[in-house]
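**Q** only the shape, not the letters, is given here:
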C-alpha cells in the first residue's frame, strides 16, 4: 500500500478533510476509492465539479479550487483502528497545512473527523452534538464546515440529506469565491 498524496495549494476555495485512507483507497493510490462511497457523486451533484469525476481523477480537483487531505495519513480498514497518538499528530499537521496554504474554507468530511480535530468540543462524559454545516470555529481566518460522511457505511443520512449539506457548502463558496482572501 502506498501513502495517498495531499492535493493542496495556496489560495484554494476549500480543502476537504477525511479521517484517513481506507485500505482500498491506499491500494488504488487515490482518495475516496471505495465502491460504496458517495463522495464523487456528491461533489458533482452539489455543483462543486462540473461532472462526476472518477476516483482516479482526484488530482484534478485542484483545478476546481478544491484540495484533499486527511487528518491521519495512515490507511486502515476502519477509523476505529486509529489511536490517540494518530489524532494528536494529525491535528498538529492539519492545522499547519491550513495555516500554510490558507484556503477560504476547510470542510471536514464527517462529524467524526471534526470531533477528532476539535476534541474539546465533546467529551466522553458529555458529548456535544455536532451538526453538519458551517461552524463558528476557524483555523486562523479559514472558515470551517462539517459535511456528512459519504461512506456507504454512513446509514444516518440519505443521499438527498447529505446533498443538502454539500450544496450549502457550494453556495457559500460561490458567495465567497469572488472575495479576496486576506490574512494580513
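**A** In hand now; what should we look at? Only a predicted model underlies this, so the values are computations on that prediction, with no experimental measurement involved.

**Q** buried stuff in stretch 151-169?
**A** Of all the residues in stretch 151-169, those buried under the rule 16 or more other C-beta atoms under 10 Å are 151, 154, 157, 162, 163, 165, 166, 168, 169. C-beta: built from backbone N, CA, C; applies to glycine.

**Q** now stretch 133-151, how far from the centre of its chain.
**A** 9 Å (C-alpha atoms, centre = their mean, to the nearest Å).

**Q** my error: substitute stretch 19-28 in the last question.
**A** Distance, stretch centre to chain centre, for stretch 19-28: 14 Å (C-alpha atoms, centre = their mean).

**Q** quick check: which element contains residue 171?
**A** Using DSSP states H and E, residue 171 maps to helix 159-177.

**Q** packing partners of that helix?
**A** Contact here means 3 or more C-beta pairs under 8 Å, 6 or more residues apart in numbering; DSSP states H and E; on that basis helix 159-177 packs against helix 39-45, strand 105-109, strand 133-139, strand 142-147.

**Q** one more time with 6 Å, if that's ok
**A** Where contact means 3 or more C-beta pairs under 6 Å, 6 or more residues apart in numbering; DSSP states H and E, helix 159-177 is packed against strand 142-147.

**Q** so which of the buried residues of stretch 151-169 comes closest to residue 102?
**A** Proximity of the buried residues of stretch 151-169 to residue 102 (C-beta to C-beta) peaks at residue 169, which lies at 17.8 Å.

**Q** now for the closest one: which residues touch it?
**A** Neighbouring residues of residue 169 by C-beta atoms under 6 Å, 6 or more residues apart in numbering: 107, 145.

**Q** which of the residues in the worst-scoring helix or strand of the chain on mean pLDDT are buried?
**A** Lowest mean confidence among the helices and strands of the chain (mean pLDDT, DSSP states H and E): helix 23-28, at a mean of 77. Across helix 23-28, burial judged by 16+ other C-beta under 10 Å covers 24, 25, 26, 28.

**Q** where does the protein have low pLDDT?
**A** Confidence mapping of the chain against pLDDT under 70 gives the ranges 1-2, 23, 73-83, 122-127, 152-155, 178-184.

**Q** so what's residue 107 closest to, chain neighbours aside?
**A** Spatial nearest neighbour of residue 107, excluding adjacent residues (C-beta to C-beta, 6 or more residues apart in numbering): residue 145 at 4.2 Å.

**Q** surely residue 10 and residue 101 touch.
**A** Yes - the pair residue 10 / residue 101 is scored as a contact, 5.3 Å apart, by C-beta atoms under 6 Å.
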